[in-house]
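> for reference, the sequence and a predicted model appear below.
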Amino acid sequence: MTADQPHVAILDDEPEIRRMLSDALQEAGFRTTCYGRATEFEAALRRTAPDVCLVDLGLPDRDGLALVHRLALESGAAIIIISGRAQVQDRVTGLELGADDYIIKPFDPAEVVARIRARLRKGRSGAANTANSASFAGWKAHFERYMLVDDSGRETSFSHAEGEVLRLFLESPNRLITRAQMQESLGGAAGDSFDRAMDVRISRLRTKLGEDPKNPRLIKTIYGAGYIFLGDVRWS
């Protein structure tokens, strides 16, 4: 294993699942680290920065959804939930809290490998440029550290999932972006779960940008069509 291989952190309290996932991912060319408890997983994240976090919701020492939400706010990793909770509302909640994907147990390890590859591939191809920051309407977005900075220097963090949406808008300013285009660019299954997840992420971005929810000036909803980001954008 070499340092340039994508690193996947696996958090699950079942040793058999950790072993199965780790073996499949290593065979596919990934580096892996495994954790059985949230406390040791969070301690490790202070020292390392994985590319992907696989997180089980049924943890013995922490609420899994709360952990996913914190990871979405503080980590630059893609977050994939692996859970036995199969209800639609559980999947919607996980995506709304910032997860990038949701896999239901029992699963085929090959499917997990394919989902991770798809997520990393979209992460590489989704950006139209390699710039790490963009200035617009009195704000500067720093994508390498997931931070918005206003003219006064005040900083507001955004999640990995919110950053994907923001970058999509900033790379196509003053152009209609349809729901279908968002789904194609950002991944995930089309349908109500995806639409609700996008609505939540856009709502949070508007709040962080100080937008009036009834009359936003930057991210405009075109009902029945999609969204338009209004403003001049300068990448650096």
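Perfect, I can see it now. Numbering: from 1, shown residues only.

> quick one: furthest residue from the center of this protein?
What lies farthest from the middle of the chain is S152; by Cα atoms, centre = their mean that is 27.7 Å.

> pretty sure that residue is in a helix, no?
No - secondary structure of S152, determined by DSSP: H, G, I helix; E, B strand; the rest coil: coil, with no helix assignment.

> now do the phi/psi pair for it.
Note on S152: its backbone torsions stand at phi -90, psi -10 [degrees, to the nearest 10].

> same thing with I82?
When quoted as degrees, to the nearest 10, the phi and psi of I82 stand at phi -120, psi 120.

> quick check: the gap between the residue nearest to it when sequence neighbours are not counted and R115.
Among residues not flanking I82 along the chain, I103 sits closest, at 4.9 Å (Cβ to Cβ, 6 or more residues apart in numbering). Any C-beta I mention is one placed from the backbone N, CA and C, and that applies to glycine too. I103 is 6 Å from R115, where distance means Cβ to Cβ, to the nearest Å.

> anything in contact with each of the two?
Taking Cβ atoms under 8 Å, 6 or more residues apart in numbering as the criterion, I103 and R115 both touch I80.

> and whichever strand or helix holds K220, which residues are buried?
For K220, the host element (DSSP states H and E) is strand 219-222. By neighbour count on 16 or more other Cβ atoms under 10 Å, the buried set for strand 219-222 is I219.

> beyond that strand, next helix or strand please.
Immediately after strand 219-222, counting by DSSP H and E, sits strand 226-229.

> tell me what that next one is packed against?
Contacts defined by 3 or more Cβ pairs under 8 Å, 6 or more residues apart in numbering; DSSP states H and E place strand 226-229 against helix 160-170, strand 176-178, helix 179-186, strand 219-222.
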